[in-house]
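> Let's see this in three dimensions:
(chains A and B)
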Amino acid sequence: MRHVIIALFLLLPVMAFAVEPDEMLQDLVLEERARVISKELRCVVCQNQDIDSSNAGVARDLRILVRERLVAGDSDEEVIAFIHARYGDYVLMRPPFNASTLALWLAPFVLAVVSLLAGWAIILKSRRKGVVADFSEVEEAEIARFIDINTPKDN
Amino acid sequence: MGRILAFIPLTIAAVFGGFFLWGLNPDRDPNNIPSVLISQPAPQFDLAAIEGLETPGLSRADLVDNAGPVIVNVFASWCVPCRAEHGILTQMVEKDGLRLFGINYKDKPEDATKWLAELGNPYEKIGSDLSGRAGIEWGLSGVPETFIVGPDGTVLFRYVGPVVGDEAIARFREALEQAGALPRGQNG
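From the prediction side, this is the model:
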C-alpha cells in the first residue's frame, strides 16, 4: 500500500500539465504541432519555463494564439516568427545565431580549442624535458647494489 | 613563455570577477526583457471603449499624427501597483499637460469603471483589452507597463512595472524629456 502511495506521489509532477483541456484543439495533428511549438517558446513572465509548461496568464494567451495561428493555416515557422516579431529573441528557447549571440554560440568551441591547445603544449613541454636516463658509473653501481639488496632470495 | 603563462590564472580570475561584478549590480534586472518595439512603429490594434464608460476606445490611429509625444499606459483594476502609479500619471497629465492614453488589460468593465470613478480618470482614451490580444501585440509581459509614443506613432520608450518612486519617476521623466514631451532640465 505504501509503495502505491509513493508511486502516486512520484507520478504527480509528471501529470502537472499547464495546458488546460479547453485550450486543446480537436484536430490531433494540429494539437501535436501546437505542443511542439509551445515547447520552443519561452514564457515572458517565468523565463526558465516554456509556455507549454507555464501556468502564467500570458503563457496561456500565447498558447491560445499559437493554436489560432495554426488553425488559420500558418506553418510552424510562421507561428514562431509571429511571436518572435512581438517579443524578440527572448521568447525563443533556442537563441538564434546573430551578432548579439555570437559569443554564446561560439564560446564553447573556442574554449575547447584553447584548452586542447594548452593541454597539448603542456604535454609537449614535459616530453621534451624527458627523463634523465644517463647515470654515472658510480650511480649505476649503487643502483645495482640497491636492487641486489632488495631482491628476495629464494632459499 | 613561462612568465606569460603565470598570468593566465590572474586573467581568468579577472574575467570571472568582471562577470560576477556585472551580475551583482543591483540595477541589473534579469527579468527585464528588452522590447523589440523601441524605435518601431506602434503595433496594430483597435480596442473598443470600456463598456459603460464615456471615455472613447483606443486604436493605433490615435497614436499617429499627434502634436507631441503621448503616453500609453497599460493598467487594470486588479493590479495593485497600477493603483500606486495612478496618482503619478494623473499628475503628469494635470501638471505637465501630457497626453495619456490607456489600455485596460483583461479587466471587467464594471471593475474598471468603479476603479476610475474612485481614483479619477486622467486618460484621454481607453481601449478595453478583454482578451489580452492587444497586450501581446505590445509585447506585454505584465501590468503595469507604460510606453512613450512619438508624434509619428513610433514607440520611443517602454517602462515595465509601476512608475513609482523617485528613481523610476526620474527615469521616466528623462525619457519624456528625450522624447521632447517635457522641456529639458526641469527634472525634479
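
> How about the backbone phi and psi for B:Ser59?
Dihedral angles of B:Ser59 (phi, psi; degrees, to the nearest 10) stand at phi -140, psi 180.

> residue ranges with poor pLDDT in chain A?
Low-confidence segments of chain A (pLDDT under 70): A:13-17, A:130-133, A:154-155.

> residues from it in reach of chain B?
Contacts of chain A with chain B, taken as Cβ under 8 Å from any Cβ of the partner chain, map to A:44-45, A:47, A:57-58, A:61-62, A:65, A:83, A:85-88, A:90. To be clear about C-beta, it is placed using only N, CA and C from the backbone, and glycine gets the same treatment.

> tell me the secondary structure for the residue positioned nearest the centre of chain A?
In chain A, the centroid-proximal residue (Cα atoms, centre = their mean) is A:Arg94; its distance is 10.9 Å. State at A:Arg94, reduced to three classes by DSSP: H, G, I helix; E, B strand; the rest coil: coil.

> And B:Arg158, by the same measure?
Criterion first, three-state DSSP; result for B:Arg158: strand.

> That one reaches B:Ser35, doesn't it?
Yes. Using Cβ atoms under 8 Å, B:Arg158 is in contact with B:Ser35, at 4.5 Å.

> Show me where the chain has its helices.
Assuming you mean chain A. Here chain A has its helices, by DSSP state H, at A:2-15, A:28-40, A:57-71, A:76-87, A:102-129, A:137-150.

> Actually, chain B is the one I wanted.
Secondary structure of chain B by DSSP H: the helices cover B:2-6, B:8-24, B:80-94, B:109-119, B:133-137, B:166-179.

> Let me know which of these is the nearest to chain A.
If you check each of these against chain A by Cβ to the nearest Cβ, helix B:133-137 wins as the nearest, at 6.0 Å.

> next one: that closest one to chain centre, how far?
Centroid separation for helix B:133-137 versus its chain: 14 Å, with Cα atoms, centre = their mean, to the nearest Å.

> quick one: average pLDDT of it?
Helix B:133-137 carries an average pLDDT of 92.

> Contacts for it, please.
For helix B:133-137, contacts defined as Cβ atoms under 8 Å, 6 or more residues apart in numbering or on different chains pick out A:58, A:61-62, A:65, A:83, A:86, B:43-45, B:47, B:74, B:103, B:105-106, B:127, B:129.

> Recalculate using a threshold of 6 Å.
B:43, B:45, B:47, B:105, B:129 (Cβ atoms under 6 Å, 6 or more residues apart in numbering or on different chains).

> beta partners of the residue lying closest to the third one once chain neighbours are set aside?
For B:Leu47, ignoring the flanking residues on the chain, the nearest one in space by Cβ to Cβ, 6 or more residues apart in numbering or on different chains is B:Gly127 at 2.6 Å. Under the criterion DSSP bridges, B:Gly127 forms beta bridges with B:Ile103.

> what sits against B:Gly127?
B:Gly127 neighbours (Cβ under 6 Å, 6+ apart): B:47, B:57-58, B:103.

> now do 8 Å
Contacts for B:Gly127 (Cβ under 8 Å, 6+ apart) come out as B:45-49, B:57-59, B:101-104, B:134.
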